[in-house]
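Colleague: generate a structure from the sequence data that follows.
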Amino acid sequence: MNALVPIAIYGWVPAVVVLFAFLPARRAVLWSFMVAWMFLPMARFRLAEGIPEITKMSVTCVSALLGTVLFDLPRFGRFAFSLWDIPMLVWILVPLPSALAAGYGPYEGVSGVFSQTVTWGLPYFIGRLYFNDLDGLRELAVTMFIGGLVYVPLVLFEARMSPVLHSWVYGFHQHQFAQSRRGDGWRPTVFMQHGLAVAMFMGTAAVCGIWLWTAGKMRVFKGVPMWLLVCVLFGVSAVCRSMYALMLMLLGTAALFVGRLLNTRLILAGVLTIAPLYVLARTVGGWDAQLLRDVSALIGDGRDDSLAVRLDSEDVCWRFMRSRSIFGDGRMDRLMLREADGHRFTPDGLWLIALTKNGVVGVVALFAALLVPPALLLRRAAARVLLGREFVGAMVLATVLALYTMDNLLNAMLNPIYLLGAGGLVGMLARPYATNRARVQPVIVNARGVA
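Modeller: Numbering: from 1, shown residues only. A predicted model of the protein is given here:
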């Protein structure tokens, strides 16, 4: 770690203040989150015992909140709590009863609540404030697409030269370097926490791009044809060497296009059910997931058994958690020390981490916080309206949230940009009409369409 790390982390706060001083507030929020998550170091600083760590996530979220306080204070007065905010509120607060039920005491519980508030609550709340209309959601989708384009040369460089940019700039590698090797190539990590996070980011950027191009009629970007930029993003997403992220990207694209072809919302609605059904099957359903193991063995290269390790971990975790399944174990310490067949099992999927630490209450709250916003969107209007140009940003972000929830079945790669979209969708849908444009309101109210 070199001297640039604290300069970047601590210097980001005044940098965001400058952004708010010179840009419209919504745009300042967009670029403060996007630039921070794409380029700040994966570092953490502990100032003193008992004081929460300063991390990339905390400085990203707190800086944007501070900018809003200093330059856009009246916006807070427009916030109105909604019934649909309850899942996120429960997910934020659940560490307290989990810690108390496990006997760890209130201090640990309050510390967990604070961590959840910064990591999940703040980006969601900021999304509620700034992206609660169709224009805001479209701008967020466009910014995600631009972020993917910016990462293209960096991803290509690391795919060829190995993941070295974080080390070159900040003096250390942000994860286990050995995990970056895939087959005869490299999995880029750039400035995110893991190559899997980069792959998911690039895949969702590609989904945003293709939907903005086709449904949003965005034909040219900065003088370059959109079809060419979209093709580049899809190709570079494959270079990230994550089969799961690539499958999710293709699934999201197919769900949108098949839904539009058949004029139905049922395709995306079905995608929303995949993650909850998987968790039910793997826990109370008793499914051994042998089919997934067999498929993985067929398409794998024989050198990567990561899926098998994840599935084994799920089996061990569920057996461990049955007796404490309501609020969880509060921590993962006891489970991580549990061994079977000489191997140590550690939860990888975010849902499994939530189950271990916060029990069934935590898993339900987590999934509801991510899936209720897109589900509400599907209920609000007919398919021909949702899949048209007016709702292009809202619909693609709803799809991205569904894909991100599925990614959390196997991984735990937090990204606050997705939470901006979740908050924005809830903020928009909590209002009487799901749009800020009066001319569309009668269409929504009176529309009749398939599904």
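Colleague: next helix or strand past the helix or strand hosting Val295?
Modeller: Using DSSP states H and E, Val295 sits within helix 290-299. Next along the chain after helix 290-299, taking DSSP H and E as the criterion, comes helix 306-321.
Colleague: does Thr264 count as helix, strand or coil?
Modeller: Following DSSP: H, G, I helix; E, B strand; the rest coil, we place Thr264 in the coil state.
Colleague: try the one 3 residues further on
Modeller: Under the three-state scheme (three-state DSSP), Ile267 adopts helix.
Colleague: just give the nearest non-adjacent residue to it, would you?
Modeller: Closest residue to Ile267 apart from its sequence neighbours, by Cβ to Cβ, 6 or more residues apart in numbering: Gly259 at 4.1 Å. Every residue, glycine included, has its C-beta placed from N, CA and C.
Colleague: which residue ranges form the helices in the stretch 1-150 of the chain?
Modeller: Remark: helices assigned in the stretch 1-150 of the chain by DSSP state H, counting those that start in this stretch are 4-22, 25-39, 56-71, 86-93, 95-102, 106-116, 122-130, 134-161.
Colleague: past the longest one, which element shows up next along the chain?
Modeller: Taking DSSP H and E as the definition, the helix or strand that follows helix 134-161 towards the C-terminus is helix 165-170.
Colleague: how much distance is there from that next one to the middle of the chain?
Modeller: For helix 165-170, the distance from its own C-alpha centre to the chain's C-alpha centre is 24 Å (Cα atoms, centre = their mean, to the nearest Å).
Colleague: could you do stretch 253-261 as well?
Modeller: 21 Å.
Colleague: for it, buried residues please.
Modeller: For stretch 253-261, a neighbour-count test (16 or more other Cβ atoms under 10 Å) marks 253, 255-257, 259-260 as buried.
Colleague: which of those fall within helices?
Modeller: 253, 255-257, 259-260 (DSSP state H).
Colleague: tell me which other helices or strands the helix holding Val295 touches.
Modeller: helix 306-321 (3 or more Cβ pairs under 8 Å, 6 or more residues apart in numbering; DSSP states H and E).
Colleague: now for the helix it packs on, which elements pack on it?
Modeller: helix 290-299, helix 333-336, helix 350-380.
Colleague: rerun at 7 Å
Modeller: helix 290-299, helix 350-380 (3 or more Cβ pairs under 7 Å, 6 or more residues apart in numbering; DSSP states H and E).
Colleague: mind putting the buried residues of stretch 253-261 in JSON lines, distance to Ile326 included?
Modeller: Listed next are those as JSON lines, based on distance: Cβ to Cβ, whole Å:
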{"residue": "Thr253", "distance to Ile326": "39"}
{"residue": "Ala255", "distance to Ile326": "34"}
{"residue": "Leu256", "distance to Ile326": "37"}
{"residue": "Phe257", "distance to Ile326": "41"}
{"residue": "Gly259", "distance to Ile326": "37"}
{"residue": "Arg260", "distance to Ile326": "42"}
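Colleague: which one of the residues you listed is nearest Glu108?
Modeller: For these, the residue nearest Glu108 by Cβ to Cβ is Ala255; the value is 40.5 Å.
Colleague: doesn't Leu268 make contact with that closest one?
Modeller: Yes. Between Ala255 and Leu268 a contact is recorded at 5.1 Å, counting by Cβ atoms under 7 Å.
Colleague: find residues that contact each of the two.
Modeller: Thr399 (Cβ atoms under 7 Å, 6 or more residues apart in numbering).
Colleague: coming back round to it: weakest of the helices and strands packed on helix 306-321 by average pLDDT?
Modeller: Across the helices and strands packed on helix 306-321, helix 290-299 has the smallest mean pLDDT, namely a mean of 76.
Colleague: in that one, what's buried?
Modeller: 292, 296.
Colleague: can you check stretch 23-32 too?
Modeller: 23, 25-26, 28-32.
Colleague: can I get the residues you listed in CSV with distance to Arg44?
Modeller: CSV is the format used below for the buried residues of stretch 23-32 (distance: Cβ to Cβ, whole Å):
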residue, distance to Arg44
Leu23, 28
Ala25, 28
Arg26, 29
Ala28, 25
Val29, 23
Leu30, 25
Trp31, 23
Ser32, 19
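Colleague: what's the angle between the helix holding Val295 and helix 306-321?
Modeller: Calculated by axes from the mean of the first three to the mean of the last three Cα atoms, to 10 degrees, helix 290-299 forms an angle of 160 degrees with helix 306-321.
Colleague: contact partners of helix 290-299?
Modeller: So helix 290-299 is contacted by 307-308, 311 (Cβ under 7 Å, 6+ apart).
Colleague: now stretch 175-191
Modeller: 38-41, 151, 154-155, 158-159, 162-163, 165-166, 174, 193-195, 198, 240-242, 301.
Colleague: count of residues packed around Trp213?
Modeller: 20 (other Cβ atoms under 10 Å).
Colleague: pull the CA atoms of the helix or strand where it lies into PDB?
Modeller: Using DSSP H and E, Trp213 maps to helix 195-214. Taking Å, rounded to 0.1, in the frame of the first residue of the first chain, the C-alpha atoms of helix 195-214 are listed here in PDB:
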ATOM      1  CA  GLY A 195     -12.800 -10.400 -10.900                       C
ATOM      2  CA  LEU A 196     -16.400 -11.700 -10.400                       C
ATOM      3  CA  ALA A 197     -17.500  -8.200  -9.500                       C
ATOM      4  CA  VAL A 198     -16.000  -6.800 -12.700                       C
ATOM      5  CA  ALA A 199     -17.600  -9.500 -14.800                       C
ATOM      6  CA  MET A 200     -21.000  -8.800 -13.300                       C
ATOM      7  CA  PHE A 201     -20.500  -5.000 -13.800                       C
ATOM      8  CA  MET A 202     -19.600  -5.400 -17.400                       C
ATOM      9  CA  GLY A 203     -22.400  -7.800 -18.100                       C
ATOM     10  CA  THR A 204     -25.100  -5.500 -16.600                       C
ATOM     11  CA  ALA A 205     -23.600  -2.600 -18.500                       C
ATOM     12  CA  ALA A 206     -24.000  -4.600 -21.700                       C
ATOM     13  CA  VAL A 207     -27.600  -5.400 -20.800                       C
ATOM     14  CA  CYS A 208     -28.200  -1.600 -20.200                       C
ATOM     15  CA  GLY A 209     -26.600  -0.800 -23.500                       C
ATOM     16  CA  ILE A 210     -28.600  -3.200 -25.700                       C
ATOM     17  CA  TRP A 211     -31.900  -2.200 -24.200                       C
ATOM     18  CA  LEU A 212     -31.100   1.600 -24.500                       C
ATOM     19  CA  TRP A 213     -30.200   0.900 -28.100                       C
ATOM     20  CA  THR A 214     -33.200  -1.200 -29.100                       C
END
